[in-house]
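Asks: the sequence and its predicted three-dimensional model are supplied below.
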Amino acid sequence: MKRPAPRRAAVSLAALAALLVPLAPAATAGSAAPAASGEQAEAQAQWIDRDTVVWQAPDADGARHRLLYTDSGVLPAEKGQEAGGAKAIRLAPGSLSAAQRAKYPHLAGRSAFRVDPRDRDRIRTALRGRLLAVQDTAGGPVTATTEIQIPGVLDDLYATKADLGPVFHHGRPTLSVWAPTARDVHLELDGRTVEMRRDARTGVWSVSGDRDWRGKSYRYVVRVWAPSEGKFVTNKVTDPYSTALTADSERSVLADLDDRSLAPAGWSRLRKPDAAALGSAQIQELHIRDFSASDRTASHRGKYLAFADRDSRGTRHLRELADAGTSYVHLLPAFDIATVPEREQASPDCDLAALPADSPRQQACVGETAADDAYNWGYDPYHYTVPEGSYATDPDGARRTLEFREMVKSLNTDGLRVVMDVVYNHTAASGQDKTSVLDRIVPGYYQRLLDDGSVADSTCCANTAPEHAMMGRLVVDSIVTWAKQYKIDGFRFDLMGHHPKANILAVRKALDALTPARDGVDGKDIVLYGEGWNFGEIADDARFEQATQQNMAGTGIATFSDRARDAVRGGGPFDEDPGVQGFATGLFTDPNASKNNGTEKEQKARLLHYQDLLKVGLTGSLADYTFTDTTGRTVTGADVDYNGAPAGYAAAPDDALSYADAHDNETLYDSLAFKLPAGTSTADRARMQVLAMSTAALAQGPALSQAGTDLLRSKSLDRNSFDSGDWFNALHWDCRDGNGFGRGLPPAADNEPKWPYAAPLLTGIPVPGCAEIEGTSAAYRDLLKIRTGERAFALRTAGEVQDKLSFPLSGKDETPGVVTLRVDDLVVVFNATPEETDQRVEDLAGSRYGLHPVQGSGADPVVKDASYDTRTGTFTVPARTVAVFAAGGR
């Protein structure tokens, strides 16, 4: 998502010098100038606590340094003059302590200044005005100025555990908002203004009301210095701790979440499915609107209540998955989002179904209404702790709370616990944007700022700063509210690596403290996982210890493991050529026409390396697991290379989450469409789909699959369908409706460079029929039954995995395209080749093995041809097949 660049000041430092010192010469080059009204100035100084300012000011003999502040926003007319409301806080040269350098490693080598103790009583007043750091010389010119970043000093002075948002006591509400820098805050309640009281110690403004305030709409009216505007502003803004909203999030609503009228029947007595340990979790990732928008059998299409439509095809399919072993449904963002209108929603004005399979007209038509339609993935947070209104039958008020709870109850009743996708790493906007909430209450605090004071946007949008005390607290408070009030069973953190590890561990600690007797939920049963990617301004622990893959090892909080995913699919998610093959897409064993796969020798070498990556993935991405790689060396998981990083990083199997596809990038079916040879039959495509899914389903540790992958779901080759509407995101539960392939060229914004690859496939590959779709789903459910029925796939420690899991044929003579896994009394053969394979395990000669009874009596007729020769210890497995054998010929 592209955002406009921040506006920069056009005022020169010489102009400021003229204000401060009449006829002063121009200042040194490179110094930051203050902003004219309406412009964003650079903020190169950082006030990190009440005693310390970090500022790499230019060298100047005899320089003195001060912080000027004013409650008018106007700078003094003359240097040193305190008329007109401007005052100064004196600074003296200092240095950072060891503790400060540890807390702010990115500032460790910079100059620091100590606040003059004589001016400490001015700090709290200064923070509520306009601030400017100034360097000058006694009787001489101003040599440098800059605006000031203040999150650190706000944390030092004002971080608090005081109640925030709406809190009800015996039916009477108190509203509280943390706004320490505000000049004034009032409450706008149903159109009238109510005074609020400021606590000077905490910076919290609060007001208590009567019982009749319940259900009324409100906003805060905040007067505060806004650096993005270069002036004081008066903002009418919703509550960051809102529990309910009016339609389109125009106002907050006073809702008591303990009100019985907001609970569905049986809510207080809800019996949840047995908690699955994270290491055993089998997760279906599902978008709420996708679930039912295209389901003609649903009564509440696109809504929370669709999950309560007991006889719809979608709910019946989820029950089938639950019966087979799926334990969690992971819902894509369901909090209030900024990018979907909740009342007036547009629809494409085209006959999309009548257009050719390779036409660009579908995506053009969908794109015309994308900004105003009912669709978005939802990674655009507006209010973190209120359900999204577009999924409710009435988005106005607390109806959305009741219906969200009904959804959770229905899923639990169907045997599925509920994971919520949460996105605390960024906001939809910052500054004075209409959808900016946090930054219009405490400007410059909740967002992460770069060295020049601009808002970091490495996440896609306006990054937040969970390393700041009150943003970190908001994350914890919000999660606890979802857990207690909505009975959410797990949380998936988007871009978790942008959070401090300490923040995620604080979430874990807060959840662990929840008890059924006091809170209605057992917090220890709530699972946590997230994206531990390492990038951006905080990469490599630049500002704090991040919640990345390697850093989270051993915490019991899982991270997505991309190692086996890339090995299975081939290449990487950002390849210019989508035809680069991998283990499950025909590399070397069934090559396509792509020149980027390399020579035959190169393909073989890369395939064998992919097989080592897959083995690491099957262990749960364990760092210390020891095995023989395909070169014959004895290695650990950490020794295997993954794009310059260790493939193995986990300390225990539940540290890493396996997956072959998720909502990001092409669906698994679409990836196979790009990579398998064009002439591959639909039946063989379906078999390779099952094989690819099995690499996650039969791995140690938790596994996730995108909803519809077991139904060969396609998005018509769209690699980023976040805003591609119902047309490209359609989820077809009825095989007679196809699988979504051939619905036009995918949207140009993210896919146009791949159109030359996509167009011939959209017309050249037949859409799979019911035999392939239903057969794939049934075969996947068989794998789930094996996975959840065998403890061998749920080993709990790295030691257990080392003792009980091996790759008996790994080494120089390993068969390209085949991986043989032995775990406890099971043997699994993953045959990704187009030929039958014989895998001889000499150590097992004389032992009795037979095809696992689930597969032996299961849906796939081909796998039933798999056999075992007791005399030689040879496992024979058909082409494009994963076969599980059990000792004793069960």
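Replies: Yep, that arrived.
Asks: center of the chain, which residue is that?
Replies: Among the residues of the chain, the one closest to the centroid is Asp494, at 1.2 Å (CA atoms, centre = their mean).
Asks: tell me how far that residue lies from Pro356.
Replies: Computed as CB to CB, to the nearest Å, the Asp494 to Pro356 distance reads 36 Å. Bear in mind the C-beta positions are built from the backbone N, C-alpha and C, glycine included.
Asks: thought Ala255 was touching Asp166, still the case?
Replies: That one is not Asp; residue 166 is Pro. Yes - if you go by CB atoms under 8 Å, Pro166 and Ala255 touch, sitting 7.2 Å apart.
Asks: which elements pack onto the top strand by length along the chain?
Replies: Using DSSP state E to define each element, the chain has its longest strand at strand 217-226. Counting by 3 or more CB pairs under 8 Å, 6 or more residues apart in numbering; DSSP states H and E, the packing neighbours recorded for strand 217-226 are strand 172-178, strand 184-189, strand 231-237, strand 252-253.
Asks: intersection of neighbour lists for Pro166 and Ala255?
Replies: Taking CB atoms under 8 Å, 6 or more residues apart in numbering as the contact rule, Pro166 and Ala255 both touch Thr243.
Asks: am I right that Arg124 sits in a strand?
Replies: No - secondary structure of Arg124 (DSSP: H, G, I helix; E, B strand; the rest coil): helix, not part of a strand.
Asks: ok, it - contacts?
Replies: The contact partners of Arg124, taken as CB under 8 Å, 6+ apart, are 157, 200.
Asks: how close does it get to Asn720?
Replies: 47 Å.
Asks: hang on, Ala652 packs against Ala798?
Replies: Yes - Ala652 lies in contact with Ala798 (CB under 8 Å); the separation is 5.7 Å.
Asks: any residues in contact with both of these two?
Replies: Contacts common to Ala652 and Ala798, judged by CB under 8 Å, 6+ apart, are Leu622.
Asks: let's verify the residue lying closest to Arg543 once chain neighbours are set aside: helix, strand, or coil?
Replies: In this structure, Arg543 finds its nearest non-sequential neighbour in His106, 5.1 Å apart by CB to CB, 6 or more residues apart in numbering. Following three-state DSSP, His106 is assigned to helix.
Asks: now do the helices in the stretch 51-200 of the chain.
Replies: Assigned by DSSP state H, counting those that start in this stretch, the stretch 51-200 of the chain shows helices spanning 98-103, 123-126, 151-158.
Asks: give me the helices and strands touching the longest one, please.
Replies: With contacts taken as 3+ CB pairs under 8 Å, 6+ apart, helix 151-158 sits against strand 45-49, helix 123-126, helix 469-486.
Asks: these: which one's closest to Gly266?
Replies: helix 469-486 (15.0 Å; CB to CB).
Asks: which stretches of the stretch 1-150 of the chain form strands?
Replies: 45-49, 52-54, 63-70, 87-94, 112-115, 130-137, 142-146, 148-149 (DSSP state E, counting those that start in this stretch).
Asks: so what strands line up beside the last one?
Replies: This points to strand 148-149. Strand 148-149 pairs in its sheet with strand 45-49 (parallel), by DSSP bridges.
Asks: which helix or strand contains the nearest residue to Leu618 once chain neighbours are set aside?
Replies: Residue nearest to Leu618 in three dimensions, not counting chain neighbours: Ala699, with 4.8 Å by CB to CB, 6+ apart. Under DSSP states H and E, no helix or strand contains Ala699.
Asks: in contact with Ala699, which residues?
Replies: Ala699 touches 564, 617-620, 658, 793, counting by CB under 8 Å, 6+ apart.
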